[in-house]
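> Only the shape, not the letters, is given here:
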Ligand code: GLU
């Protein structure tokens, strides 16, 4: 059974780009006779707001979409993410990172071969780690690419990133040692997405090209956690008249302001190529 999802974060109002993404996934599910899931990615409790979540339901219903209920909200499933994190930790694939953003930027610039574009770190010596933990210093959990490569015997076996266009091999090293649990929030985006896609039986991840880079690391996490790998389709991003992609800050292009300006869902669907 074909299962796909639209997974917005309630950190702002949905705009035309979201509408395009949601419609692309929704129509793909309909054409395949499959299921369409809506998932609310609200693990970032510092930025998520209930009024934005309410607006997601309202805007998508206005657009004519229907989804299964109950909707999975990431903030209600911390135990699932903690279990995945604990498994990776038990497998020796994570390390605690106490560095601040500034220290990370400095480490990247002073790397032996000039500036690194991504961060690669290492666990602290045990005595220092124990002391910093005892002092109550906050830390993030990072995935060790070195440990992951050892575990999998390299990354060649991860396969390709895009359905139907197999040319781009997964290269998680491009993302560096990603954070899987933040200092302030107990989990980070990549881990929550991979766990949820697997738990929800998602067979096709259909999302914008802005998330293409994320797919490299998500493929790696699936391999390390023994999870099935969905097929990925990354659609092109809509741009406004100024040639820039829509962003949550562009108030005039939010679905609610288009609605207030008198646009009908049929007009918008047509404009987005779903007429
Ligand atoms: N929650 C992410 C976002 O709003 C999307 C995650 C995904 O589709 O994998 O950008």
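On my side now, so go ahead. Treat the numbers as computed from the prediction; the structure is a model and nothing was measured.

> wait, does stretch 221-235 contact the ligand?
No: Stretch 221-235 lies out of reach of the ligand by C-beta under 6 Å from any ligand atom, never closer than 9.6 Å. Backbone N, C-alpha and C define where each C-beta goes, glycine included.

> Tell me the residues of the stretch 151-275 of the chain that contact the ligand?
Counting by C-beta under 6 Å from any ligand atom, the stretch 151-275 of the chain comes close to the ligand at 193, 207, 211.

> Select from the residues you listed the one having the most neighbours.
The residue in these with the most neighbours, by other C-beta atoms under 10 Å, is residue 193 (24 neighbours).

> isn't there a helix covering it?
Yes: according to DSSP: H, G, I helix; E, B strand; the rest coil, residue 193 belongs to a helix.

> That one: what's it in contact with?
Going by C-beta atoms under 8 Å, 6 or more residues apart in numbering, residue 193 touches 7, 41, 214, 218.

> still on that earlier bit, JSON lines for the residues of the stretch 151-275 of the chain next to the ligand, including pLDDT?
Formatted as JSON lines, those follow (pLDDT from 0 to 100):
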{"residue": "193", "pLDDT": "98"}
{"residue": "207", "pLDDT": "96"}
{"residue": "211", "pLDDT": "93"}
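
> where do the strands sit along the stretch 151-275 of the chain?
179-181, 204-208, 231-235 (DSSP state E, counting those that start in this stretch).

> Low-confidence bits of the stretch 51-200 of the chain, can you list those?
By pLDDT under 70, the low-scoring segments of the stretch 51-200 of the chain are 113-115, 163-167.

> Now it against the ligand: closest residue?
Across the stretch 51-200 of the chain, no residue is closer to the ligand than residue 193, which sits at 4.8 Å (C-beta to the nearest ligand atom).

> Can you show me the strands along the stretch 1-150 of the chain?
Going by DSSP E, counting those that start in this stretch, the stretch 1-150 of the chain shows strands at 3-6, 35-40, 72-73, 94-97, 140-143.

> For those strands, please prepare JSON lines with the additional fields mean neighbour count and distance to the ligand.
Shown next, in JSON lines, are those (neighbours: other C-beta atoms under 10 Å; distance: least, C-beta to the nearest ligand atom, whole Å):
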{"stretch": "strand 3-6", "mean neighbour count": "24", "distance to the ligand": "7"}
{"stretch": "strand 35-40", "mean neighbour count": "20", "distance to the ligand": "8"}
{"stretch": "strand 72-73", "mean neighbour count": "17", "distance to the ligand": "12"}
{"stretch": "strand 94-97", "mean neighbour count": "20", "distance to the ligand": "21"}
{"stretch": "strand 140-143", "mean neighbour count": "22", "distance to the ligand": "17"}
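
> By neighbour count, which of the contacts of residue 193 wins?
In terms of neighbours by other C-beta under 10 Å, these top out with residue 218 at 27 neighbours.

> wait, isn't it in contact with residue 190?
Yes: contact criterion C-beta atoms under 8 Å: residue 218 and residue 190 qualify, at 5.9 Å.

> and of the residues of the stretch 151-275 of the chain next to the ligand, the nearest to residue 223?
Among these, residue 193 lies closest to residue 223 (C-beta to C-beta), at 14.8 Å.
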